[in-house]
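Undergrad: Next input, structure requested:
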Amino acid sequence: MSNNGMITNEIKKQIVEALEKGRENFTGSQAKYAVSIGINETVYNRILKGHYEKILSEPKWISLARRAGISLTAEREWKKADTPVFEYITTQLEKCQQDSNCSLLCDMSDIGKTFSARYYAKTHKNAVYVDCSQVKTKSKFIRQIAKEFGVDHKGGYDNVYEDLVFYLKTLDRPLIILDEAGDLEYKAFLEIKALYNAIEYQCGMYMMGADGLKAKMECRINGKTQGYAEIFSRFNKRYNTVLDIDSEKRDNEMSVTAALIIRANAPAGTNIKDVISRSIGDDKIPSLRRIYTELSKLEA
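TA: Purely as a prediction, here's the structure:
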């Protein structure tokens with residue numbers, strides 16, 4: 001592949017180095033790791049040796065860059081901050097993985113749930129993150145989980161499912177993090193129950209969503225829609241939350257969260273209170289997405 005494309009060999013090298021670092025937290029074989037990132041082992045071995053030309057298409061390099069967390073533009077890196085949300089979710093994920101248990105988190109949007117979950121999956125062995133909003137159907141959902149674990153995800157659905165279940169049982173305390181779970185179609189959501197039944201006490205699952213997930217589940221449970229009560233039971237019949245239900249305490253928690261994130265990511269000398277004030281929405285709560293925008297302006 002020509003170096004005249006959007007992705008230079010220097011960036012390709014950064015992508016490969018990041019992928020190799022990610023390999024450290026992947027328990028399976030190198031062949032399975034290659035599957036998990038969307039290429040075959042032969043190609044992976046070649047790019048590891050620095051052979052970048054005419055090996056992969058530019059769209060595939062873009063996919064690998066996304067997987068590796070390498071930006072193709074000048075956008076800023078979002079650094080970890082030990083916020084109350086980050087620490088709470090990390091603690092819950094650790095417990096779910098250690099005990100091979102299931103837990104359900106439903107809280108406000110834009111508080112750092114996704115960043116915390118992605119960071120955990122990136123830094124812990126046998127933990128995978130799935131954005132359910134991108135794999136809403138039953139087939140895409142199970143195939144994505146299989147792919148994340150390096151299991152062949154391109155065959156017949158039944159074979160993919162059975163291979164996934166079999167492989168999960170061979171791993172040491174695997175964990176599946178399901179973000180935006182409320183976006184799953186009904187048949188895909190039911191597969192959570194099936195997967196739980198197949199790997200109970202052998203694999204942890206952590207389901208996350210905003211307030212809409214809770215509302216959807218309560219509506220379906222009250223309406224006696226098949227499967228929802230059973231899934232809720234398997235996730236301990238509890239909607240965990242990070243933020244306090246008291247509005248004043250909640251607003252204070254989000255202000256603390258915003259300050260910690262700004263301190264970790266802002267250039268030296270930044271007026272933290274000023275950034276927070278410019279990031280507050282109509283709900284009087286700082287928006288973490290707006291903070292990202294405001295900090296990007298400071299380095300423009």
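Undergrad: Tell me how far T27 lies from K13.
TA: 26 Å (Cβ to Cβ, to the nearest Å). For glycine as for every other residue, the C-beta is placed from the backbone atoms N, C-alpha and C.
Undergrad: now stretch 269-276, how far from the centre of its chain.
TA: 29 Å (Cα atoms, centre = their mean, to the nearest Å).
Undergrad: can you give me the helices in the protein?
TA: 9-23, 30-36, 41-48, 58-68, 84-99, 113-123, 138-148, 157-168, 186-199, 211-222, 228-234, 247-265, 272-279, 288-298 (DSSP state H).
Undergrad: would JSON lines of the ones you listed with distance to D179 be doable?
TA: JSON lines is the format used below for those (distance: least, Cβ to Cβ, whole Å):
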{"stretch": "helix 9-23", "distance to D179": "18"}
{"stretch": "helix 30-36", "distance to D179": "18"}
{"stretch": "helix 41-48", "distance to D179": "27"}
{"stretch": "helix 58-68", "distance to D179": "16"}
{"stretch": "helix 84-99", "distance to D179": "11"}
{"stretch": "helix 113-123", "distance to D179": "6"}
{"stretch": "helix 138-148", "distance to D179": "12"}
{"stretch": "helix 157-168", "distance to D179": "19"}
{"stretch": "helix 186-199", "distance to D179": "13"}
{"stretch": "helix 211-222", "distance to D179": "10"}
{"stretch": "helix 228-234", "distance to D179": "16"}
{"stretch": "helix 247-265", "distance to D179": "18"}
{"stretch": "helix 272-279", "distance to D179": "23"}
{"stretch": "helix 288-298", "distance to D179": "15"}
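Undergrad: tally of neighbours for K273?
TA: 11 (other Cβ atoms under 10 Å).
Undergrad: same question but for C203, I mixed them up
TA: 23.
Undergrad: ok, it - contacts?
TA: S100, L168, K169, L171, R173, P174, L175, I176 (Cβ atoms under 8 Å, 6 or more residues apart in numbering).
Undergrad: Also V135?
TA: F141, R143, Q144, A188.
Undergrad: switch the cut-off to 7 Å
TA: Contact partners of V135, counting by Cβ atoms under 7 Å, 6 or more residues apart in numbering, are F141, Q144.
Undergrad: cool, L64 as well?
TA: Applying Cβ under 7 Å, 6+ apart, the residues near L64 are I15, L19, I37.
Undergrad: mind checking how far the first one is from G150?
TA: From I15 over to G150 the distance is 18 Å, taken as Cβ to Cβ.
Undergrad: swap in the second one?
TA: In this view, L19 and G150 are 13 Å apart by Cβ to Cβ.
Undergrad: And the last one, by the same measure?
TA: When distance is defined by Cβ to Cβ, I37 is 9 Å away from G150.
Undergrad: closest to W78 among the contacts of L64?
TA: I15 (18.0 Å; Cβ to Cβ).
Undergrad: ok so, going back, I15 and G150: which is more packed in?
TA: Ranked by neighbour count (other Cβ under 10 Å), I15 and G150 place I15 first, with 25 against 21.
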